[in-house]
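**Q** Sequence first, then the predicted structure:
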Amino acid sequence: MSAKNQIDYDDLQDMVASSDTGGRDPSGFPKKLIIGVAILWSLFQLYYASPVPFWLQEGLRSMGLGGINVVLDDTKARSVHLAFALFLAYLSYPAFKNSPKRHIPLIDWIFATVGAFLAAYYLFFYESLIGRFGAPNTQDIIVGCIGILLLLEATRRSLGLPLVIIAIVFLLYNYFGQFLPSDWLISHRTGSLSHIINQQWITTEGVFGVALGVSTKYVFLFVLFGALLDKAGAGNYFIKSAFAYLGHLRGGPAKAAVVASGLTGLISGSSIANVVTTGTFTIPMMKRVGFSPEKAGAVEVASSVNGQIMPPVMGAAAFLMIEYVNMPYSQLITHAFLPALISYIALVYIVHLEACKLNLQGLPRTDVAKPWVVSLLRALGTFIAICLLYFVVEYGLGWIKALTPDFAFAIILAAIAIVYIALLARVAKFPDLEVDDPHAPVVVLPSVRPTVNAGLHFLLPVVILIWCLMVEQMSPGLSAFWGTLTLIVILVTQRPLLAFFRKQHQYKAEFLKGWKDLVEGLETGARNMIGIGIATATAGIIVGVVALTGFGVQLSSIIETLSMGNILLMLILVAGFSLILGMGLPTTANYIVVSSLMAVVIVEVGRQNGLIVPLIAVHLFVFYFGIMADVTPPVGLASFAAAAVSGGDPIKTGLTAFMYSLRTAILPFLFIFNTDLLLIDVGLWKGIMVFIVSTIGILVFTAGTMGYFFRRNRLWESVALIVLAFALFRPGFFMEYISPSEQHTAPTHLVEELQKAPVGEALTLKVSGINPYGSPIEFYTQLSVPEGSTGEERLQKLGLTLLTTEDKIEYDGEEINKIIIDNVELDSPAAKAGLNWDQVLLDVALPVKNALAKEWIFIPALLLIFGLAILQRRRINE
């Protein structure tokens, strides 16, 4: 690598270090202390996530020492987690750009020590805090005030000003909002200093709330898993495998960049780190085959940022969502998978279209090209083999657990060890993968067979992680623990075992290299977590203020007023706010902020205007637009990082990346209105149909927005492609005009219509009443029709008692008797749907029995797409 490129590379690593692990690099004792504390943090998190504390507790109890408690409760663990994060933040991040980076000033030592002590305050004063719960004394208030100030300063150093400013604004609003006139929309009456500190620092409703809890229980282990996987060599393996398979295609390096960045993004929580890690290799390769610096950087940005929406990790937001949405992890990633997958398919297609427009070619391949039929049959054979292996393993494990429950764990460990050794025996037959220099004058694509086989054992911990999550349905923390433990074993043993199989006899030297990799991985994982731990704690301030003041509902009223009740305009406003709120924030803090503020807006405004959306769709909507801030100028940090690699203009790179990301931006609007895209209440065969049709839809939309299908589009062709894509994504929009799916009836006919309705169908009610803040409100809600022989029986199973009054209301131009809700049973379906006493029924909607299925729209849409394709193919031959 040339001196100039070496300097550029060093600058890029400094950029990643200053944003992810801290820009300070002291020597001597301070350096050893930082490394030691970081490793200790990783070991603590492994201990906390593992079953070891419970085994130890059982052992102590059997020895009559049950009074010794070695199991930390969640709140104490959060305190320790934040204490580590604050201590390392002050030692690792300089206060200012011109602050010393080679030694640590005395003031930072003081801040680090005091910050760690205050974060662990709950740990030291547990009994007394429990005794005065809800009534903090002077000491608690002083500790809380100083703790919040030190947390905000650590946030400024590690994450910059955006999150600090947002948190300060909310704290000021929390205090001064009580002095606003009572008729102001955003006024509240809960702003005393005692209230604020109790909420933010003493209880688990603010700084030590759900967000920090998720960081402690789940996120750390996944970040550590990613760091160890990269140390083991999997990052280079993913990149090389992607290039071996795709580098020879049109625009091949860009397609390989998309796949490699997606694989890296699966396990990474940082868009910037994704860009720099894969971009230093992929961007020069893209430029080599003809992509401009801006387009090469934009492809890398779009693919790296999109890694944050791809399960299983989703930039650690997945673990926050399971807490906020109260949904099993396996179900969550099922819903999130399809939009992320088709978004990546579209990005590969974007690269293909750019290559077609510029007539670009791929890099020369070293393998002999095989007929596509052979490649297809091999891929199909591999898929069938994986399916068969899955069933063998699942039923085999079930048989082992049933036959030998006491020895099942040992047998499974032995089986995994055998598989690992067999994989390494295979890997040893191929040379190790070296890290290539993308700036070298000649680049030869790696051969597929030796490249793929050189890292097969890296797939084992990933498979174990996903198996534990999806099949065994363990908690994310425990799943990550077993995956990380597997990685630790691989890091320590892979080098000696490979030396054994290759008959190199350098076992001790190879073992020491593996041990060094493990220690560095433990350190890197902890240092990567500093910013995330600080971010989740600071974002907890915003969540605490929203909970204490009810600001989310007030914000809903503001956005409803601005949108004038128009649902699409409301969603556009929420998307814009999410984009602004997400600027400059890491993925986890980004999601916490936008979900705590914006998710309630969609739910409240939507149900007041007839849009009833599952909560998971709402949270995914705000999450998608929050992470778009990493792309969009002027604060798109990932775009600036990519421009630094490519040498292109940062603003142009960001704008191009935004255009490439349009297919990601359109998906949230679509799955809000068509939840089939999230595979909600969708069976296997319908799910396959949804995948095929939505993939065609996103490709057609991409062709329309890129202005190129089989050749350059005419304007009307682009418009037609976009409309047809819309028809594939939202067939119900057009079918409602042909065959409406709902029929409306007066509330007075509710009981008789309920008796006729099929069991399980959706019953939509429009009601008026008073919201929790005393203001009149109208909203829609849905109930599932229960079983019952009569309408009265079904109504009773819903938990509703209705009362017909003599008062009149107008319905569809006629006067009818007013129907009010006289009683709602506790914990009934009606109570869960938000119905309450004295609310008035305004409208009832039930599904039409013989309505045409919305999927019939697919047929004319696909035929028209096919016709457009034929027209363009004819133009090619003219």
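**A** Received the coordinates, thanks. Numbers count the residues shown, from 1 in each chain.

**Q** Going by C-alpha atoms from here, please, whenever you check contacts or count neighbours.
**A** Fine.

**Q** Mind listing residues that contact stretch 648-667?
**A** 293-295, 297-299, 301-302, 339, 343, 346-347, 350, 624-625, 628, 631-634, 636, 639-640, 642-644, 698, 701-702 (Cα atoms under 8 Å, 6 or more residues apart in numbering).

**Q** Flag every buried residue along it.
**A** For stretch 648-667, burial by neighbour count (16 or more other Cα atoms under 10 Å) applies to 648-665, 667.

**Q** can you give me how far that stretch is from the chain middle?
**A** Relative to the chain's own centre, stretch 648-667 is displaced by 20 Å; criterion: Cα atoms, centre = their mean, to the nearest Å.

**Q** how long is it end to end?
**A** Separation of the first and last residues of stretch 648-667 by Cα to Cα, to the nearest Å is 29 Å.

**Q** Show me which residues of stretch 88-105 are buried.
**A** For stretch 88-105, the neighbour count (16+ other Cα under 10 Å) marks L88, A89, Y90, L91, S92, Y93, P94, A95, K101, H103, I104 as buried.

**Q** scratch that, stretch 342-359
**A** The neighbour-count check on stretch 342-359 (16+ other Cα under 10 Å) flags 342-357 as buried.

**Q** Sort out for me which of those residues are in helices.
**A** Of the buried residues of stretch 342-359, the ones assigned to helices by DSSP state H are 342-357.

**Q** For K808, which three-state class applies?
**A** Assigned with DSSP: H, G, I helix; E, B strand; the rest coil, K808 falls in the strand class.

**Q** Tell me, how many residues neighbour it?
**A** For K808, the neighbour count with other Cα atoms under 10 Å is 12.

**Q** same question, D812
**A** The tally of other residues near D812 (other Cα under 10 Å) stands at 10.

**Q** any idea how far L163 is from it?
**A** 50 Å.

**Q** thinking again about what came up before, which of the ones in helices among the buried residues of stretch 342-359 sits closest to I488?
**A** Ranked by distance to I488 (Cα to Cα), these are led by Y344 at 30.9 Å.

**Q** Following element in sequence after the worst-scoring helix or strand of the chain on mean pLDDT, please.
**A** In the chain, no helix or strand scores lower on mean pLDDT, DSSP states H and E than helix 3-16, which sits at a mean of 48. Next along the chain after helix 3-16, taking DSSP states H and E as the criterion, comes helix 29-49.

**Q** F430 touches G455, doesn't it?
**A** No: F430 lies out of contact with G455 (Cα atoms under 8 Å); the separation is 9.4 Å.

**Q** which sections of the stretch 101-250 of the chain are below the confidence cut-off?
**A** Across the stretch 101-250 of the chain, residues meeting the criterion (pLDDT under 70) sit at 183.

**Q** cutoff 50 now
**A** Within the stretch 101-250 of the chain, no stretch has pLDDT under 50.

**Q** Over to the chain?
**A** In the predicted model of the chain, residues 1-7, 9 satisfy pLDDT under 50.

**Q** so where's the longest helix in it?
**A** Assignment by DSSP H gives helix 507-549 as the longest helix of the chain.

**Q** Now do it: which elements does it pack against?
**A** Under the contact criterion of 3 or more Cα pairs under 8 Å, 6 or more residues apart in numbering; DSSP states H and E, the helices and strands touching helix 507-549 comprise helix 29-49, helix 74-92, helix 138-159, helix 161-176, helix 210-214, helix 220-232, helix 476-501, helix 587-594.

**Q** do that again at 6 Å, thanks
**A** helix 29-49, helix 210-214, helix 220-232, helix 476-501, helix 587-594 (3 or more Cα pairs under 6 Å, 6 or more residues apart in numbering; DSSP states H and E).

**Q** so how far is whichever helix or strand comes after it from its chain's centroid?
**A** Next in sequence after helix 507-549, counting helices and strands by DSSP H and E, comes helix 551-563. Centre-to-centre, helix 551-563 and its host chain are 26 Å apart (Cα atoms, centre = their mean).

**Q** and what of stretch 214-234?
**A** 15 Å.

**Q** Which SSE is immediately downstream of the helix or strand harbouring L424?
**A** According to DSSP H and E, L424 maps onto helix 408-427. Remark: after helix 408-427, the chain's next helix or strand is helix 448-453, criterion DSSP H and E.

**Q** Just the buried positions in that next one, please.
**A** For helix 448-453, by 16+ other Cα under 10 Å, it's V448, P450, T451, V452, N453.

**Q** how much space between V214 and M321?
**A** 10 Å.

**Q** whoops, E523 was the one
**A** For E523, the distance to M321 equals 27 Å [Cα to Cα].

**Q** ditto for F87
**A** According to Cα to Cα, F87 and M321 sit 28 Å apart.

**Q** repeat for Y811
**A** Computed as Cα to Cα, the Y811 to M321 distance reads 41 Å.

**Q** the more surrounded of the two?
**A** Per other Cα under 10 Å, whichever of Y811 and M321 has more neighbours is M321, with 24 against 15.

**Q** Would you confirm that that one belongs to a helix?
**A** Yes: per three-state DSSP, M321 lies within a helix segment.

**Q** Give the closest residue to it in space, chain neighbours not counted.
**A** Spatially, and ignoring its direct neighbours in sequence, M321 is nearest to H619 (7.4 Å; Cα to Cα, 6 or more residues apart in numbering).

**Q** counting contacts, what elements does the helix or strand harbouring that neighbour pack onto?
**A** Secondary structure from DSSP H and E places H619 in helix 615-627. In terms of contacts (3+ Cα pairs under 6 Å, 6+ apart), helix 615-627 is packed against helix 567-581.

**Q** okay, the angle between the helix holding L424 and helix 476-501?
**A** For helix 408-427 against helix 476-501, the angle by axes from the mean of the first three to the mean of the last three Cα atoms, to 10 degrees is 40 degrees.

**Q** from now on call the first residue 37
**A** With 37 as the first residue, the last one maps to helix 444-463.

**Q** can you list the residues that contact helix 444-463?
**A** I436, K437, N489, A490, H493 (Cα atoms under 6 Å, 6 or more residues apart in numbering).

**Q** Which positions in that helix come out as buried?
**A** For helix 444-463, burial by neighbour count (16+ other Cα under 10 Å) applies to A444, Y456, I457, L459, L460, A461, R462, V463.
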